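> attaching a predicted model along with its sequence, questions to come.
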Amino acid sequence: MTDVAATDLARPQGPSILRRLRGDYFATPVDAVISIVCLVALVAIIVPVLRWALIDANFVGTTRNDCTGGGACWVFIRARFGQFMYGLYPIEERWRVNLAGLLLLATVALSFWKAMPQRGRVVPLMWVAVMLVGVWLLSGGLGLVRVETRQWGGLMLTIFLSVYAGVLAVPLGILMALGRRSELPVIRMLSTIFIEFWRGVPIITVIFLASLLLPLIMPAGWDIDRLVRAVVGLAFVIAAYMAEAVRGGLQAIPKGQSEAAAAASLGYWTTTRLIVLPQALRIAMPAMTNEFIALVKNTSLVSIVSIFDLLGIAQAALADPNWVGMNNEAYVFAGSVYWIICFGLSRWARRLEGKKTTY
């Protein structure tokens with residue numbers, strides 16, 4: 001027994017790279033054939049893409065004449081980078097967009113600061129404040145130069161639509177989820193109608209109708225900005241999906257917890273806020289993250305009503321006679337930005353799932 005134990009201790013404690021590759025990919029002849037075929041396919045796809053995107057690409061220059069190689073002409077992205085980021089927002093006023101972005105990042109960071117005093121009350125007020133300040137910075141007024149929403153565009157507009165529609169959708173979705181589980185028939189019926197209606201209508205139809213029909217039914221003299229209409233339309237649709245995600249989390253909470261809270265003389269809202277909802281939101285976090293990622297991608301649909309987000313600006317830039325034919329570069333750049341945002345959100349949500357969240 002002693003010799004066996006000594007032999008076991010002398011062996012490497014973890015499998016080597018070669019042993020892992022052999023065990024995972026070449027354990028049987030069939031596994032080996034499949035692994036080799038997949039490897040050959042990856043090389044056949046990745047090598048030409050790398051040659052086009054990096055090796056044979058042009059990065060330096062200002063005009064199309066500087067693109068002399070057979071690869072990607074990233075000079076196009078470099079020349080149009082300001083429009084991709086800010087749309088037609090005035091160059092001298094872009095500091096306001098940057099400041100609004102920094103305030104948003106600071107608010108997100110502070111929202112997860114567990115040592116914040118009165119965190120449950122301060123965080124909602126902080127978000128309301130940053131939303132109002134953000135609108136003031138971007139649109140102007142009260143000492144700032146007015147910038148019309150038709151000049152907004154690019155990545156800043158994509159983030160604006162995602163954040164503002166998401167901030168409206170989350171609390172509305174939570175209320176609809178609670179309403180659908182309410183014991184009051186009227187509230188339960190209204191919540192169900194709201195959820196099923198907005199889930200059953202395509203988002204592109206909602207945006208189109210909100211832009212064209214809403215002005216027709218508004219009283220005379222009332223003019224709602226088309227960007228506001230798009231935000232509200234997106235928020236309602238995403239809120240319906242968020243409500244179902246939250247409802248799934250609520251159903252996973254044992255009923256005995258609510259009964260124990262009632263036995264301790266806790267009211268409905270106190271029980272919901274302190275006991276039920278924090279657990280339900282944590283359970284629903286993956287599904288809610290998926291809906292927010294879908295919201296980020298669905299912002300590209302606003303181009304149907306001539307609102308130029310990142311993808312819309314990319315398509316508009318292709319109409320420039322000086323850059324005709326740069327479709328691959330425009331769509332690869334826009335798609336990469338969308339992927340980075342969505343991948344970052346998914347990884348961030350995974351980290352939140354693995355931590356004990358204090359509400």
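Received the coordinates, thanks.
> can you get me the start-to-end distance on stretch 309-329?
This stretch, stretch 309-329, spans 17 Å end to end (C-alpha to C-alpha, to the nearest Å).
> so which bits of that stretch are buried?
By 16 or more other C-beta atoms under 10 Å, the buried positions in stretch 309-329 come out as 309-318, 323, 326, 329. For every residue, glycine as well, the C-beta is placed using N, CA and C.
> quick one: which of these sit in helices?
Taking DSSP state H, the ones among the buried residues of stretch 309-329 that sit in helices are 310, 311, 312, 313, 314, 315, 316, 317, 329.
> now, the most widely separated pair of the residues you listed?
Distances among those were taken as C-beta to C-beta; the most separated pair is 312 and 329, at 16.2 Å.
> coming back round to it: dump the buried residues of stretch 309-329 to CSV, plus pLDDT and distance to residue 249.
Formatted as CSV, the buried residues of stretch 309-329 follow (pLDDT from 0 to 100; distance: C-beta to C-beta, whole Å):
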residue, pLDDT, distance to residue 249
309, 91, 31
310, 92, 32
311, 90, 32
312, 90, 35
313, 92, 37
314, 90, 37
315, 88, 38
316, 88, 41
317, 88, 42
318, 87, 43
323, 87, 48
326, 89, 45
329, 92, 42
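> dump the residues you listed to CSV, plus distance to residue 172.
Conversion of the buried residues of stretch 309-329 to CSV gives the following (distance: C-beta to C-beta, whole Å):
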residue, distance to residue 172
309, 22
310, 25
311, 26
312, 26
313, 29
314, 31
315, 31
316, 32
317, 35
318, 37
323, 42
326, 40
329, 39
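> from these, pick the one nearest residue 19.
Looking across the buried residues of stretch 309-329 and measuring by C-beta to C-beta, the closest to residue 19 is residue 329, at 43.3 Å.
> ok, that closest one - contacts?
Contacts for residue 329 (C-beta atoms under 8 Å, 6 or more residues apart in numbering) come out as 72, 73, 74, 76, 77.
> likewise residue 31?
Applying C-beta under 8 Å, 6+ apart, the residues near residue 31 are residue 25.
> give me the mean pLDDT for the host helix or strand of it.
Per DSSP states H and E, residue 31 falls inside helix 29-50. Helix 29-50 shows a mean pLDDT of 91.
> pLDDT weak spots in the stretch 151-300 of the chain?
221 (pLDDT under 70).
> typo on my end, the stretch 1-150 of the chain
Low-confidence segments of the stretch 1-150 of the chain, defined by pLDDT under 70: 1-15.
> any chance you could map the helices in it?
2-10, 17-25, 29-50, 75-79, 81-86, 94-111, 119-139 (DSSP state H, counting those that start in this stretch).
> export the fourth one as PDB, just CAs?
Only the C-alpha atoms of helix 75-79 are listed here, as PDB (Å, rounded to 0.1, in the frame of the first residue of the first chain):
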ATOM      1  CA  VAL A  75      -9.200  53.700 -43.800                       C
ATOM      2  CA  PHE A  76     -13.000  54.000 -44.500                       C
ATOM      3  CA  ILE A  77     -13.700  53.200 -40.800                       C
ATOM      4  CA  ARG A  78     -11.000  55.600 -39.700                       C
ATOM      5  CA  ALA A  79     -12.300  58.400 -41.900                       C
END
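> tell me the one among the buried residues of stretch 309-329 nearest to residue 229.
Comparing the buried residues of stretch 309-329 against residue 229 with C-beta to C-beta places residue 309 closest, at 14.7 Å.
> what about residue 59, distance to residue 76?
Look at residue 59 and residue 76: by C-beta to C-beta, to the nearest Å, they are 11 Å apart.
> who has more neighbours, the two?
residue 76 (26 against 14; other C-beta atoms under 10 Å).
> give me the spatial nearest neighbour of that one, chain neighbours excluded.
Leaving aside its sequence neighbours, residue 76 sits nearest to residue 326 (C-beta to C-beta, 6 or more residues apart in numbering; 4.5 Å).
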